[in-house]
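Novice: next input, structure requested:
(chains A and B)
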2 protein chains.
Amino acid sequence: MKKQMNTPLFKALVEHNNKNPISFHFPGHKNGQNIQSEASHFFEQILKMDVTELSGLDDLHSPEGVILEAEQLLAELFQTRKSFFLVNGSTVGNLAMIMAACRENDTVLVQRNCHKSVLNALRLAKVRPVFLEPEYDHDWKVATCVNVDTVKEAIGLYLNVKAIILTYPNYYGIVSDLEGIIKEAHLHHIPVLVDEAHGAHFNIGHPFPASAVQLGADIVVQSAHKTLPAMTMGSYLHVNGHLVDVNKVKDYLQIFQSSSPSYPIMASLDLARKYLATYTQQDLDALQKSIKHFKAELENIPGIKVLSYPNQQGDLLKVTIQTRCNLSGFELQMRLEEEAVYTELADPYNVLLVLPLLKEGQRYPFGETGRKIKKVCKNLPFQEQKSKMTLSNRKVSELAISYMEMDKIESMDVLIAEAVGFVCAETIIPYPPGIPLLLKGEEITNERVNQLQRLLETGARFQGGSLLTQGKVKVFIKNKK
Amino acid sequence: MKKQMNTPLFKALVEHNNKNPISFHFPGHKNGQNIQSEASHFFEQILKMDVTELSGLDDLHSPEGVILEAEQLLAELFQTRKSFFLVNGSTVGNLAMIMAACRENDTVLVQRNCHKSVLNALRLAKVRPVFLEPEYDHDWKVATCVNVDTVKEAIGLYLNVKAIILTYPNYYGIVSDLEGIIKEAHLHHIPVLVDEAHGAHFNIGHPFPASAVQLGADIVVQSAHKTLPAMTMGSYLHVNGHLVDVNKVKDYLQIFQSSSPSYPIMASLDLARKYLATYTQQDLDALQKSIKHFKAELENIPGIKVLSYPNQQGDLLKVTIQTRCNLSGFELQMRLEEEAVYTELADPYNVLLVLPLLKEGQRYPFGETGRKIKKVCKNLPFQEQKSKMTLSNRKVSELAISYMEMDKIESMDVLIAEAVGFVCAETIIPYPPGIPLLLKGEEITNERVNQLQRLLETGARFQGGSLLTQGKVKVFIKNKK
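Specialist: So this is what the prediction gives:
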């Protein structure tokens, strides 16, 4: 525990700065000396740490000094075989994890509502993905997680599955029976790769759900920046067990990450690991008390409903409120922004608030926020939220055409309403939460068309789908089914 | 010009911060409120800008607001068809540029002493690379650039060349006849992709060499962080002409970059563009004067020689000093570090200093640096630097086996001295400068073995080559030639 109080990388940077070094190296701002006056207020101090691979500061891609030490402290905290610092977000973790574990034409099981970086990795690796439909929560009106039966069904249907790729928890903090899935997969010697972007803090323990690392997943990627006090793009990757090759992971990480990684981001990962390692029961008690109080205040506000996790299991730091008025989730989010309350995500029905992982004695403006939400919701007429979701009965599905084929077929534009039966030639992602609604290479079903139209009506933002404003989607030129 | 005074993205972040926003979104530090006290001195101010895709702050991967405006100002400054901000360094620029322009099995010409990210991109794209040997400067004792005749020879030898990939300038600031190469390539409708990592400031004009953008290259990647006052990992990518598909570049950039890009890095790219756009003739005059004075001081120091560019053409911001004493470049660099003077790079013979792109009125401790170098070199015996380089006569070469084959063959370890004739199974890169000495898939020649042994003797650092300390390299198990 005492060891975990150390921050070897951060300290090395402080010591370097204490030498009043003269920089004749990159970056061009020279420890911040060469910046514009308008920028100095925000940038001056951090730029003293924005250095390059100098003596004593190690090398992320081939660490043997302070970066290795810092990564070892991380591995000790999570009790992993090997842990890495990432400077290009969980995006790069997902790319490296999948490229390292899968080869061309491998059959891999993938949670359908995964992050787009997982889909990009499948395409780069040219695997044959088998998509597993997640469950759907009718109260929350969001897709949740894949259940064990779906995984069993898929393992039964496909021989030689080379990996299972899951998201745990989902964006809203909902968790699945990951332990059951891992047991089933390991019975068949299939490695389990987990995008735990939203669960970097789960090793604190109850009442937080267990971490995928603790549950025995083979590779786990965590966005330290999402819930720990790390800088954006700072993430962790953990390797466990012996079903995956650590050296391949390392190789792909150096391929996909800058050869000049950001020291401020790396130092913040070192500091965030210490923050997590030194989180005490008293901190947790104080945090739970604050959150309980905050939620109680929100529960008294007419016009919204504070959602409870299915089976009381979920991330304490996430609070999802559902509108019970004539505002959509998107509209409620906008009204809150006018009050300078910025939330993480809205969907047609909900607004997601991500709370800070406070320690005892740290304060946060929960009371002020509660009053602002109350103000925004004042005098709005009550309205039950009804969803017109049609759910798929197919739990396991494949792409209609392979990634190799896709590279060779031309595409055209068709009206959304007329797209049913075509193979989609683009991936359309409402963002946030960054979960694809239509996958490139997937058949366009009636259900997907309905969901797309509902999202367009309620003003969601999209990545991909450049023709959506014209009411069109791109499809492959191929006979309709 | 007045337009270029604006910094739309930086300003939007300042305005957001001025609202005293309450954060219920990522990252977990909540505008810096939730950090450890030891970190606050360095991190407190910048974390107010370390936000996520909030309303008014646009989205790097699908920009339509302040990020688009900031990128358009960059495109206007460089007069390009389209310019992008990158948050994962020139590494991601090189990956995206090559993946976008090349398909599997395409024949592409590649400068042999390219950055490792270019080699990684070739492997990912599974192209058939044809390596072009650079020239070698006997005074500098470093590899420089590819000349026009080598390009002509290769175009004559290979039908259907799909791209030419070059590095311009080299790490030391030396430039080639890039204009001549581009003319030759465009005669054959071959796009020219340029890794201009070290030349982000070249559009300032004479006495800086011309920028690859000005010379008509089709895609150009620049490390803004290297020579402009941008944060590390901040780069630019420019697309010109109509031989390459902008949408493919965009697609690969979103694949290879974090879906939570760093706003501090993006804001610093916006500020760096303004810095460059507002660089005046007076600034340049003052800079030239300072550098002339600094070099004159260095020229008076016995024990070192200040190198001059071949044909007086090269990057003003780079000053390379060669030892004329009993210290290697690596040793001289270490001695300077003991005086708190940190340089960018050392090789067996040279130390490279990268100077700041100062504006008029900005000061830099050149005088102090000169005195420190003098102190370090005092009383060292004169020694001429002799190199035992054996140069290759083959200007154009291919890999011994394809990337597809490499994935299928096992490897073993052999002693370096006995490795001649084997196919190398790892890429060995002395770092800095990050230029591979031995490529994975390349035949190990006598010349490469000699160079490797010389580097080991003089204490170079390596990426790859994990067995070098045991005097071994990895080779593919295949009959020796």
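
Novice: would you map the helices across the stretch 1-150 of chain A?
Specialist: Counting by DSSP state H, counting those that start in this stretch, the segments of the stretch 1-150 of chain A that form helices are A:8-18, A:37-43, A:66-78, A:89-101, A:116-125, A:148-157.

Novice: deepest-packed of those helices, please.
Specialist: Each of those was assessed for mean neighbour count using mean count of other CB atoms under 10 Å in any protein chain shown. The highest is helix A:89-101, with a mean of 29. Using the backbone N, CA and C atoms, a C-beta is placed for each residue, glycine as well.

Novice: my read is that residue A:50 contacts residue A:262, right?
Specialist: Yes: using CB atoms under 8 Å, residue A:50 is in contact with residue A:262, at 6.9 Å.

Novice: one step back: which one of the helices of the stretch 1-150 of chain A lies closest to chain B?
Specialist: When these are compared by CB to the nearest CB, helix A:89-101 sits nearest chain B, at 3.0 Å.

Novice: output that closest one as CSV, nothing but the C-alphas.
Specialist: In CSV, the C-alpha atoms belonging to helix A:89-101 read as follows (Å, rounded to 0.1, in the frame of the first residue of the first chain):
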residue,chain,number,x,y,z
GLY,A,89,-7.8,6.6,-25.4
SER,A,90,-9.6,3.2,-25.1
THR,A,91,-9.9,3.5,-28.9
VAL,A,92,-6.3,2.4,-29.2
GLY,A,93,-6.8,-0.2,-26.5
ASN,A,94,-9.6,-1.8,-28.4
LEU,A,95,-7.7,-1.8,-31.7
ALA,A,96,-4.6,-3.3,-30.1
MET,A,97,-6.6,-5.9,-28.1
ILE,A,98,-8.5,-7.2,-31.1
MET,A,99,-5.6,-7.1,-33.6
ALA,A,100,-3.4,-9.0,-31.1
ALA,A,101,-6.0,-11.7,-30.3
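
Novice: that one vs helix A:116-125, what angle?
Specialist: Relative orientation of helix A:89-101 and helix A:116-125, computed by axes from the mean of the first three to the mean of the last three CA atoms, to 10 degrees: 30 degrees.

Novice: report the mean confidence score over helix A:89-101.
Specialist: Model confidence over helix A:89-101 averages 98 on the pLDDT scale.

Novice: for chain A, which helix is longest?
Specialist: With residue count as the measure and DSSP state H as the assignment, chain A has helix A:281-299 as its longest helix.

Novice: skip ahead from it and say which helix or strand is next.
Specialist: Toward the C-terminal end, the helix or strand that comes next after helix A:281-299 (DSSP states H and E) is strand A:304-306.

Novice: which strands and helices sit next to that following strand?
Specialist: With contacts defined as 3 or more CB pairs under 8 Å, 6 or more residues apart in numbering or on different chains; DSSP states H and E, the packing partners of strand A:304-306 are helix A:281-299, strand A:318-323.

Novice: can you redo the ones you listed as CSV with mean pLDDT?
Specialist: Converted to CSV, those look like this (pLDDT from 0 to 100):
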stretch, mean pLDDT
helix A:281-299, 98
strand A:318-323, 97
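
Novice: just the ones you listed: most buried one?
Specialist: Among the helices and strands packed on strand A:304-306, strand A:318-323 has the highest mean neighbour count (mean count of other CB under 10 Å), at a mean of 23.

Novice: packing partners for it?
Specialist: Contacts of strand A:318-323 with other secondary structure elements, assessed using 3+ CB pairs under 8 Å, 6+ apart, are made with helix A:281-299, strand A:304-306, helix A:329-338, strand A:350-354.

Novice: any bit of the helix or strand following the third one sitting next to chain B?
Specialist: Where DSSP H and E defines the elements, the next helix or strand beyond helix A:329-338 is strand A:341-343. Yes: using CB under 8 Å from any CB of the partner chain, a contact is recorded between strand A:341-343 and chain B, made by A:341-343.

Novice: adding neighbour count and distance to residue A:54, write the residues you listed out as TSV.
Specialist: Formatted as TSV, the entries for the residues of strand A:341-343 next to chain B read as follows, by neighbours: other CB atoms under 10 Å in any protein chain shown; distance: CB to CB, whole Å:
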residue	neighbour count	distance to residue A:54
A:341	22	42
A:342	22	37
A:343	25	41
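
Novice: tell me the one of those residues nearest residue B:151?
Specialist: Comparing these against residue B:151 with CB to CB picks out residue A:342 as the nearest, at 52.8 Å.

Novice: from the chain's centroid, how far away is the helix-or-strand element of chain A with minimal mean pLDDT?
Specialist: Ranked by mean pLDDT, DSSP states H and E, the helix or strand of chain A with the weakest confidence is strand A:429-430, at a mean of 74. With CA atoms, centre = their mean, to the nearest Å as the basis, the distance from the averaged C-alpha position of strand A:429-430 to the chain average is 14 Å.

Novice: tell me the centre residue of chain A?
Specialist: For chain A, the residue sitting closest to the mean C-alpha position, by CA atoms, centre = their mean, is residue A:197 at 3.8 Å.

Novice: measure that residue to chain B for me?
Specialist: Taken as CB to the nearest CB, to the nearest Å, the spacing of residue A:197 relative to chain B amounts to 9 Å.

Novice: so that residue, which of the three states?
Specialist: For residue A:197, the secondary structure call by DSSP: H, G, I helix; E, B strand; the rest coil comes out as coil.

Novice: quick check, pLDDT for it.
Specialist: pLDDT, the model's per-residue confidence, is 98 for residue A:197.

Novice: relative to residue B:3, how far out is it?
Specialist: Remark: distance between residue A:197 and residue B:3 (CB to CB, to the nearest Å) = 39 Å.

Novice: any weak-confidence spans in chain A?
Specialist: Regions of chain A meeting the criterion pLDDT under 70 cover residues A:387-393, A:431-435, A:479-481.

Novice: repeat that with 50
Specialist: Across chain A, the ranges flagged by pLDDT under 50 are A:432-434, A:481.

Novice: against chain B, how distant is the closest residue to residue A:209 other than its chain neighbours?
Specialist: Ranked by CB to CB, 6 or more residues apart in numbering or on different chains and with sequence neighbours excluded, the top spatial neighbour of residue A:209 is residue A:175, at 4.5 Å. Taken as CB to the nearest CB, the spacing of residue A:175 relative to chain B amounts to 19 Å.

Novice: same thing with residue A:136?
Specialist: Residue A:136 sits 24 Å away from chain B when distances are taken as CB to the nearest CB.

Novice: how many residues are close by that residue?
Specialist: 15 (other CB atoms under 10 Å in any protein chain shown).

Novice: in a markdown table: the helices and strands packed on strand A:304-306, plus distance to residue B:305.
Specialist: Compiled in a markdown table, the helices and strands packed on strand A:304-306 are given as follows (distance: least, CB to CB, whole Å):
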| stretch | distance to residue B:305 |
| --- | --- |
| helix A:281-299 | 60 |
| strand A:318-323 | 63 |
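
Novice: list the residues that contact residue A:190.
Specialist: By CB atoms under 8 Å, 6 or more residues apart in numbering or on different chains, the contact list for residue A:190 reads A:155, A:161-164, A:243.

Novice: likewise for residue A:94?
Specialist: For residue A:94, the residues meeting the contact criterion (CB under 8 Å, 6+ apart) are A:115, A:117-118, A:121, A:195, A:221.

Novice: what subset of the residues you listed is also close to chain B?
Specialist: Contacts with chain B are made by A:115, A:117 out of the contacts of residue A:94, judged by CB under 8 Å from any CB.

Novice: where do the contact lists of residue A:50 and residue A:262 overlap?
Specialist: Taking CB under 8 Å, 6+ apart as the contact criterion, the residues that touch both residue A:50 and residue A:262 are B:231-232.

Novice: the residue lying closest to residue A:249 once chain neighbours are set aside and residue A:110, how far apart?
Specialist: Distances taken as CB to CB, 6+ apart place residue A:100 nearest to residue A:249, at 4.4 Å, with adjacent residues excluded. Computed with CB to CB, the distance linking residue A:100 and residue A:110 is 16 Å.
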